[in-house]
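Asker: after the sequence you'll find the predicted model.
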Amino acid sequence: MLRTLRRALRPARLRTPARRFSAGIAELPPTAREALGTEITAGEAIAYNRVRVATATAVALYRSGYALPMTDDDLDDAVLALDFPHSAPSAETRASIRAALAVLDADYTVTVTR
């Protein structure tokens with residue numbers, strides 16, 4: 001509850017990721033139902049959809065020159081700036097974004113082309 005109040009009282013700030021992502025947004029992969037069919041469990045669908053949003057967000061951040069460490073608020077802003085349907089940033093989504101960014105950063109064969 002305190003976190004919600006702090007966010008409500010926080011002064012407005014310029015959200016730069018929304019503009020910087022325009023050239024680097026990866027198309028979102030199919031939803032869990034489209035990719036895995038209708039026989040999947042709710043837990044599998046949630047995990048799949050969370051990771052697909054996190055991976056696309058991490059790719060957009062990486063292409064835009066962002067690197068770890070990033071605050072929770074910055075990651076939340078990035079997910080919201082990409083305007084994925086039904087995406088609400090959670091602790092698990094932020095952890096997945098950080099993991100994907102770390103992998104992209106660690107792999108020397110990954111390069112950004114514009």
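Answerer: Received, thanks.
Asker: list the neighbours of stretch 89-101 that are in contact with it.
Answerer: Contact with stretch 89-101 is made by 50-51, 53-55, 57-59, 61-62, 66-68, 70, 72, 75-76, 78-80, 87, as judged by CB atoms under 8 Å, 6 or more residues apart in numbering. To be clear about C-beta, it is placed using only N, CA and C from the backbone, and glycine gets the same treatment.
Asker: now, these that are in helices?
Answerer: 50-51, 53-55, 57-59, 61-62, 72, 75-76, 78-80 (DSSP state H).
Asker: by neighbours, which of the residues you listed wins?
Answerer: Using other CB atoms under 10 Å as the neighbour test, the ones in helices among the contacts of stretch 89-101 are led by Thr57, with 30 neighbours.
Asker: pLDDT weak spots in this protein?
Answerer: Applying pLDDT under 70 to the chain picks out residues 1-27, 85-87, 113-114.
Asker: could you redo the last one with a cut-off of 80?
Answerer: Along the chain, the model assigns pLDDT under 80 to residues 1-29, 83-88, 110-114.
Asker: run a quick neighbour tally on Ile46.
Answerer: 14.
Asker: got the angle for the one helix or strand it maps to vs helix 72-81?
Answerer: Using DSSP states H and E, Ile46 sits in helix 42-63. Counting by axes from the mean of the first three to the mean of the last three CA atoms, to 10 degrees, helix 42-63 points 100 degrees away from the direction of helix 72-81.
Asker: so what does helix 42-63 touch, helix or strand wise?
Answerer: On a contact count with 3 or more CB pairs under 8 Å, 6 or more residues apart in numbering; DSSP states H and E, helix 42-63 meets helix 32-36, helix 72-81, helix 91-106.
Asker: please identify the most buried of these.
Answerer: helix 72-81 (a mean of 18; mean count of other CB atoms under 10 Å).
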